[in-house]
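Student: heads up, no residue letters with this:
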């Protein structure tokens, strides 16, 4: 993500991964037409996203929009999706 901030994506240099709570705020209470709980203003093609939260002793937390659940993955983020956000001031 450092390269995104160095490049100044959309003119900003403070992009980050969302927290679990922020990622969960994208969910809605029922499945949409594409079988996902993500709010319809977001793409359903990202079935899950990694968050900034880390699991101890190791691993990464992610939010699964198809099941409306939080999971963790051990090891490194070899692949997957991210939805960047910025802190509002």
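Tutor: That came through, no problem. All figures in this text were calculated on a predicted structure; none of them were measured in a lab.
Student: going forward, measure contacts and count neighbours with C-alpha atoms only.
Tutor: OK.
Student: Identify the residue nearest the geometric centre of this protein.
Tutor: To find the centre residue of the chain, average its C-alpha atoms and take the closest one (CA atoms, centre = their mean): that gives residue 49, at 3.5 Å.
Student: what about it, helix or strand, and which?
Tutor: Using DSSP states H and E, residue 49 sits in strand 48-54.
Student: Now that strand: buried residues?
Tutor: Neighbour counts over strand 48-54 (16 or more other CA atoms under 10 Å) mark 48-54 as buried.
Student: Show me where this protein has its helices.
Tutor: For the chain, the helices defined by DSSP state H cover 2-7, 20-24.
Student: quick one: contacts for residue 18?
Tutor: 51-52, 83-85 (CA atoms under 8 Å, 6 or more residues apart in numbering).
Student: remind me which residues of this structure are low pLDDT?
Tutor: Across the chain, the ranges flagged by pLDDT under 70 are 75-79, 89.
Student: quick one: contacts for residue 34?
Tutor: So residue 34 contacts residue 44 (CA under 8 Å, 6+ apart).
Student: give me that answer again for 10 Å
Tutor: With contacts defined as CA atoms under 10 Å, 6 or more residues apart in numbering, the neighbours of residue 34 are 40, 43-45, 66.
Student: Please identify which of these is nearest to residue 13.
Tutor: residue 43 (23.8 Å; CA to CA).
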